[in-house]
Structure formats: structure tokens, C-alpha cells
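Peer 1: got a predicted structure here, sequence first:
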Amino acid sequence: MRTLERPFPGTDTALNILAACLLLISFAMLSRRRTQRLVTLLAWQGMVLFVSTLLVAHSSGRVEMYYSAALTLLLKVIVLPLILHYLINRLGAQWDTETLVNIPAVMLAGLVLVIFAFGLAQPVSVLATTITRHTLGIALAVILLSFLMMITRRKAITQVIGFLAMENGLFFAATSTTYGMPMIIELGIALDVLVGVFILGIFFFQIREQFDSLDLHHLEALKED
Amino acid sequence: MTPAALLRQLAQIILALALAPLFAGWIAQCRAWLQNRSAPPLTQPYRMLRKLFAKEVVLADNASPLFRATPYVLFGTMVLAAAIIPSLLTDLPFARVVDAIALIGAFATARVFLSLAAMDIGTAFGTLGARREMMIGFLAEPALLMVFFNAFLLFGSTAFPNLVERYTRHPSLLDPSVLFSAIAFVMVLLAENARIPIDNPATHLELTMVHEAMLLEYSARHLALAEWASSLKLYNYVCIGFALFLPWGIASSTQHGLWVLPVSLAALVCKLLLAGGVLVTIETLSAKLRVFRAPEFLAMAFLLAVLGLLVHLLLGAA
């Protein structure tokens, strides 16, 4: 049973549900084959992050959290998915399907990762005092699942999407343990992510020009020279 | 057991028997609307049943008694399940005695009998359907069990009436794990009731059939009973979903008075209309999976159910 003596009794439950949604989206990303769907899921993940940051800002009464939420909305829900859609269209990868390693096996590995993350977060969340402390385990799980996605995928675009999902997980971990990072660091990270996606976009074109495919498998051939 | 309780129990069973074909008709109607076809009337399943009951049974020469008994077993187990699941009210003598795990046992009994009967005649399609059904069944069952376990943990009981009553008493207890279990449950429901991502109920192509392939050899009243049982199965699953995730409107044992039953009946009908719409939307939006993708789909359901349990242990323990 949850304690209900806080000023906004619903916030706690709502945050837990949002965290669960985040985990759900991570698993959905792990199981999708279409690249375009992954971008949509990434945008949804950003949306969940935006709502949860807004809720934390509202209940903790910190003004800078509102800025951080606005930044999340602008960057993760609007700009990055647009850039990725543009890249996918330019590269002609809309209907690209990826042959994955056996999906149930990946899912089971993901489940083990979730258990690991929950176990890891348990002692930390006991010490924390923020209202979102229980969600730290989920944030860690999201990070590890994005890692898993980057490992199991072979296309360059999906790896970048995995990277962005990992950044989402880190952001969620930051808000859940410490009410977010200082504004200047957050701005720096946001800029880094944006520039990173631009640079990786240029890389995509270079990779495709060189190998006629976005499969990173081909890059391994470079070692022999 | 008082006569009043027995009467309530009987009323609920008769209601399930009457509503199940109507629910199937409603689904067919919604489906036709979404596909821009003119819809069959709501009572079409009833007309089908009447037609089939009036016909003469044709049996294969080598049909064993098992083949003839199976439709009755199917129908019986589904009626038993309808008696256990509190769809209208929770104060049911049957539901107090039998818990949710026994319910899964009842469904498994029906599955085993249907598969054996399908293989009994020895046609290729029957055997094929039976094997596929068993493959889907053995993957769907653990997922359903996990969904149940989550509810048991959440409300501390294995009996349906207690689950429903605790849920209605604490509506604020919206646990995040319920989200995961609900999605897992919908996936199991689709798989177990031969719905579209796994099996197409309206198919005429034997190679893609699962459930229909097992019924190919049945005719007349046997077929009618089997069809009625499968519509009852869908109704039962939907009612389990209501009991676990949308229990509002189900009359609890503490409520008395004449106005309770009409209210809960109205709530049930509204929920059924809604559930039919949602089910048809899912079916229309998704394409049928290859048979070899079915394990993937069900592994996903199992995984979501287990995740629900984990999330409950992490977040709910606070």
C-alpha cells in the first residue's frame, strides 16, 4: 500500500505508471523490425519523458524543471524524430526490415537485464528521498535495454536510435534520483545529442556511398587492410 | 447453499448462454462496418445455431465415441467456466468454491478434448489444426497464469469474487503492473480465441486454419454445440478481462436490493459493446502472422506478464 500524505496524492501513482510506460516502449523497440516504427516509438518515449518531467516539476516546485521539460518536448518529441524521418526518407530506408537475432531470445535477455537493473537500484532507492526514487530501477533498465538494442541491431540508423533511447533513459534516471541535472549541463547534453545526430547523419551517407548499404557488418572488412 | 444463491448462479449461466452468440454477432457486425460491408443482423449466430440443430448428423465411418462426446464436453466446460467467472455479480456459490487456477484447468480440458477429436478421424487438416492449437495453447497458458498471479499478488486472493470486490473497494489502487498484465491478457485472448494475429476466424483456406480446421469434420448439432462453445469461450475470456481490469458495475455481495441487477446488467452490456469494438479494431488493424511467428507473439505476452510481476515487486512494495 502506498503512503498518501503528500500534497498531490495522484502524482506518485502517475509517475510510476509513466515509468512503466517507458519500460514498455523500450521492450516494444526491442521487438520491432521496421526502422520507421522505431522512430515513432522514440518520439513516444520522449513524450512520456516530457509528461513525467512536467509532473516532477509540478510536485517539486522547481522552475528549472519546467525549462528542462520544454527542452525535452522540443528536442526529443519534435526535432530529433523529424531529423530521423528526413534521414530515413533520404536514404530510402523506409521499408527496411532488419533480420534480427531470434526475438524471443533477445526478449528473455532483456528480462534478465530488467531483473539485474531492479536488483542494482534497490539499495540506491532506499537511500534517495525524492518522490520518484522507486523509478530509478526502471530508468536503469531502460538504459540497459537500449544497450541491448544497439548490440543486437546491425543497421547504422537503428544503432543511433538505440543511442538516443539510452540518452532518454539517462535523463529519466537523472530526474528520478536528483530532480534533474543543473541547467547548464542539461543544455550541454541536449546540444551534444543534436550535434551527434547531425554528424551521424552525415556518416550514414558516407557509409552508404562506400558500401551501398547501411549494414555496419561491412565495416568489419576494413580491419584487414 | 441457499435457493436464492442457486437462483443467482442459474441466472448468470443462462445470461452467459444467451449473450455469448449475441456478442459474436456484435463482433461480426462491427467487423463488417469497419470493412465497409453491409453487416449481418445481430441475431445471425442464433439463426446459424437453429439451422444446425435442425440438420441431420453426418459422421465419418471410423469416428470413435470420443469424437461424438467432445462437443458436449466442450460445451460443458465452457458453461462451467461461465458459472465461475463473476460477470454480473460476485456472490456466486460456484465461484466461491473454484478458484482461477481451476478455471485454467477447465480451459485446458476443453483444449485437450478438441485436439484429440480433431485427430480422431485421421484427416490431414484435423491433425494439422490440432498440432497448431496445442503449440499455441502451451505458449498461451503460462502467460495467462502469470497474468493471474499478478492479480493474486495485488489483491491477495485466488478466488474471483475476492479479486473483484477488493478492486472495486480500492479504485485508487491503480498499479502500474496492471498496465502490463492487461496488454499481456489481450494478447492471450486474441491467441486463445482464434482471433486475427494468430488465426483468422473467417478464413476459408484450410492451410491457414487453426480452430476451424479442428471442426471440419463436425456437422449439425455437434457443430452447433462446438460453435456455441467457442463463442462462450470468447465471452468468458472477455468477462475474465472485465473481472481483472474493469470490475466496475459488477454487483458485490454486500449490495442488496432489486436495483443492483439491472445496473450491473447495463454495465455488462456497455462493457461488452465496448470490448467488441476494441477487439474488432485490433483485428482490423493487424495482419495475420505466419504460424511460425506465433511463438514470438506469445513469448511477448508471457514476457509482458512477467514484467508486470517485476514492476509490481519493485514499485508496489513501497
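Peer 2: All right, it came through fine.
Peer 1: can we go C-alpha only for contacts and neighbour counts from here?
Peer 2: OK.
Peer 1: helices of the stretch 101-250 of chain B, residue ranges please.
Peer 2: B:124-155, B:160-169, B:176-192, B:211-214, B:220-245 (DSSP state H, counting those that start in this stretch).
Peer 1: TSV for those helices, including mean neighbour count?
Peer 2: Formatted as TSV, the helices of the stretch 101-250 of chain B follow (neighbours: other Cα atoms under 10 Å in any protein chain shown):
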stretch	mean neighbour count
helix B:124-155	21
helix B:160-169	20
helix B:176-192	23
helix B:211-214	24
helix B:220-245	22
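Peer 1: tell me which of the ones you listed approaches chain A most closely.
Peer 2: helix B:176-192 (4.7 Å; Cα to the nearest Cα).
Peer 1: mean confidence for that closest one?
Peer 2: Per-residue pLDDT values across helix B:176-192 average out to 88.
Peer 1: over to stretch B:35-43?
Peer 2: 87.
Peer 1: which residues touch that stretch?
Peer 2: Residues from elsewhere that reach stretch B:35-43 (Cα atoms under 8 Å, 6 or more residues apart in numbering or on different chains): B:21-22, B:25-26, B:28-30, B:32-33.
Peer 1: report the two of these separated the most.
Peer 2: B:Pro21 and B:Trp33 (18.4 Å; Cα to Cα).
Peer 1: stretch B:40-48 spans what distance, first to last residue?
Peer 2: Distance across stretch B:40-48, first residue to last, is 12 Å (Cα to Cα, to the nearest Å).
Peer 1: which other helices and strands does the lowest-mean-pLDDT helix or strand in chain B contact?
Peer 2: Sorting the helices and strands of chain B by mean pLDDT, DSSP states H and E puts helix B:160-169 at the bottom, at a mean of 76. Here helix B:160-169 touches helix B:93-97, helix B:124-155, helix B:220-245, going by 3 or more Cα pairs under 8 Å, 6 or more residues apart in numbering or on different chains; DSSP states H and E.
Peer 1: and the angle from that helix to helix B:124-155?
Peer 2: Using axes from the mean of the first three to the mean of the last three Cα atoms, to 10 degrees, the direction of helix B:160-169 lies 50 degrees away from that of helix B:124-155.
Peer 1: and helix B:160-169, how far from the chain's centre?
Peer 2: Relative to the chain's own centre, helix B:160-169 is displaced by 20 Å; criterion: Cα atoms, centre = their mean, to the nearest Å.
Peer 1: hmm, who's touching that helix?
Peer 2: By Cα under 8 Å, 6+ apart, helix B:160-169 touches B:84-86, B:90-92, B:95-96, B:99-100, B:151-152, B:155-157, B:173, B:243-244, B:247-248, B:250, B:252.
Peer 1: nearest residue to the middle of the chain?
Peer 2: I'll assume chain A. A:Ala165 (2.1 Å; Cα atoms, centre = their mean).
Peer 1: not quite, go with chain B.
Peer 2: Note: chain B centre (Cα atoms, centre = their mean) maps to B:Tyr237, 2.7 Å.
Peer 1: what pLDDT does that one get?
Peer 2: For B:Tyr237, pLDDT reads 93.
Peer 1: which pLDDT does the model give residue 220?
Peer 2: Using chain A here. The model's pLDDT for A:Glu220 equals 72.
Peer 1: correction: the question concerned chain B.
Peer 2: 85.
Peer 1: I figured it hits B:Ala54, correct?
Peer 2: Yes - under the criterion of Cα atoms under 8 Å, B:Ala220 makes contact with B:Ala54 at 7.2 Å.
Peer 1: sorry, back to before: and the closest residue to the residue nearest to the centre of chain A other than its chain neighbours, how many residues sit next to it?
Peer 2: Excluding the flanking residues, the one nearest A:Ala165 by Cα to Cα, 6 or more residues apart in numbering or on different chains is A:Ser146, at 5.9 Å. Using other Cα atoms under 10 Å in any protein chain shown, A:Ser146 has 27 neighbouring residues.
Peer 1: contacting residues around A:Ser146?
Peer 2: Applying Cα under 8 Å, 6+ apart, the residues contacting A:Ser146 are A:26, A:162-163, A:165-166.
Peer 1: packing partners for the helix or strand encompassing B:Ala11?
Peer 2: Following DSSP states H and E, one finds B:Ala11 within helix B:3-34. Helices and strands touching helix B:3-34, by 3+ Cα pairs under 8 Å, 6+ apart, are helix B:44-54, helix B:65-84, helix B:93-97, helix B:220-245, helix B:260-285.
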